[in-house]
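> pasting a predicted model and its sequence here:
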Amino acid sequence: MTDPPPLPDGLRIALDPGVRRIEGGRVLVGGSPLRLLRVTAAGSGVIDRLASGDPVPTTGGGARLVRRLLDAGMAHPRLDAVEPSFGLGDVAVVIPVRGTAAAVGPTLAALGPAGQVVVVDDGSPEPLAGLAGVTVLRHDVSRGPAAARETGWRATDHPVIAFVDAEVVPEPAWLDRLLLHLADPAVAAVAPRIVPTGGAGAMARYEVESSPLDMGPAEATVRPGSPVPYVPTAALVVRREALETIGGFDEDLRYGEDVDLVWRLAATGATVRYDPSVTATHPVRADARSWRAQRFAYGSSAGPLAVRHGAAVAPLRVSGWSGAAWALVAVGHPVLGTAVAAGSTAALARKLAGLERPGAEAVRLAGRGHLLAGRAIAQAVRRTWLPVALGAAVVSRRARPVVAAAVLGPA
């Protein structure tokens, strides 16, 4: 078995808020996907010390345990005492833009020091001008953001590439803080939180609450099935060698190229991190027309992504037990649905027979799983399947309460 990459000196960790320690601390429940992790008494002692703020061990069984916690999403890094492997001079910033110099001006003003800044003019009607101190490359005809980013990073020789979209404004010292993640050789890329800002009216307020660029306040390892399954390249810091390993962006993807890139990185076994303690702002789509155009464009990426990544694109991923239980409830058989849920709980209790209280833990885990599955089903009905759901509600009385529950229940 290959040893995991070494952990950086000075690293500390914090257990994910969703992790529970049971059985005297010798069993951890949590992570993504949800799992039970059994540790020895010595391992439990290591976790106790780490939880109190001790640096992680960099060798031996303690280091392997920490790596396992990080990979499972049960713990997250704390990097204040870590020495960075890269400095600001090692970073080339790549900014794709199709528009005017005014669109990229606030971004350039907020970047801070970097080894090189490359602006790729992707076929703007008027060539960009007046951008002092940056390298400007141009596509005479627009080829899309993936091609623009490809042109940009391949025109540099820096070991770290920071992709930043025009109109994105990073907070001060954003690069310094994100570069700390790359002190861990397992980490190929890291993204900050993109916070929508500006605008007025109902559409702007909705966009602030549900921006597709804002992945939320919880830190995570990014991969399909994770609470943060992808991150946008509105702001993304990536090792050059990781880009070279996967061949960079897929220029055939006009949209969804960022999701594809992150999933291909994860498929190599590399870690992609989401660090919401670092933020960058992006203006909202404040009018209905631009909002519809953006959402339609994003939605059009689902087919090409499904061809490349299969089930990772599925709008709903739940266990068979949960799916069957909720389906029975939806078609008017709540008693049978409850029986299926109870059966899954009994089956889980048998698998947990080694615990002190397998029945209680099975009820807790299965109950939480069924509730989360219900929320996921409701979200799929509200978003991906809404046209079909509304059509069903029009023609079927039985479907109306189900659709209404999916739309109103989570709220």
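Alright, I've got the coordinates. What you see is a predicted model, and the numbers here were worked out from it, not measured in a lab.

> can you list the residues that contact the host helix or strand of residue 363?
Using DSSP states H and E, residue 363 sits within helix 358-382. Helix 358-382 is contacted from outside by 22, 29, 34, 315-319, 321-323, 325-326, 341, 344-346, 348-350, 352, 355, 389, 403, 405-407, 409-410, using Cβ atoms under 8 Å, 6 or more residues apart in numbering. In short, each C-beta sits where N, CA and C put it, glycine included.

> and if you look at stretch 37-45?
For stretch 37-45, the surrounding residues in contact (Cβ under 8 Å, 6+ apart) are 24-29, 31, 46-47, 61-62, 65, 68-69, 72, 74.

> buried sites along the following helix or strand past the helix holding residue 363?
Downstream of helix 358-382, the next assigned helix or strand under DSSP H and E is helix 386-395. Going by neighbour count (16 or more other Cβ atoms under 10 Å), the buried part of helix 386-395 is 389, 392-393.

> report all helices and strands that helix 386-395 contacts.
helix 399-408 (3 or more Cβ pairs under 8 Å, 6 or more residues apart in numbering; DSSP states H and E).

> what helices and strands are in contact with the helix it packs on?
helix 358-382, helix 386-395.

> quick one, that helix and helix 386-395 angle?
In terms of direction (axes from the mean of the first three to the mean of the last three Cα atoms, to 10 degrees), helix 399-408 departs from helix 386-395 by 140 degrees.

> what mean pLDDT does helix 399-408 get?
Per-residue pLDDT over helix 399-408 has a mean of 80.

> what angle sits between it and helix 358-382?
Using the same axes, to 10 degrees: helix 399-408 against helix 358-382 is 100 degrees.

> ok, and what's touching helix 399-408?
Against helix 399-408 from outside (Cβ under 8 Å, 6+ apart): 330, 377-378, 381-382, 389-390, 392-393.

> one more time with 6 Å, if that's ok
Outside of helix 399-408, the residues within contact range by Cβ atoms under 6 Å, 6 or more residues apart in numbering are 330, 378, 381-382, 389, 392-393.

> ok, the residues you listed vs residue 148, which is closest?
residue 382 (33.5 Å; Cβ to Cβ).

> output the buried residues of helix 386-395 in TSV; the columns should cover pLDDT and distance to residue 85.
Converted to TSV, the buried residues of helix 386-395 look like this (pLDDT from 0 to 100; distance: Cβ to Cβ, whole Å):
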residue	pLDDT	distance to residue 85
389	80	49
392	81	54
393	82	55
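
> nearest spatial neighbour of residue 356, skipping sequence neighbours?
Leaving aside its chain neighbours, residue 356 sits nearest to residue 23 (6.1 Å; criterion: Cβ to Cβ, 6 or more residues apart in numbering).

> pLDDT at the residue positioned nearest the centre of the chain, what is it?
Central residue of the chain (Cα atoms, centre = their mean): residue 228, 3.0 Å from the mean position. On the pLDDT scale, residue 228 is placed at 93.
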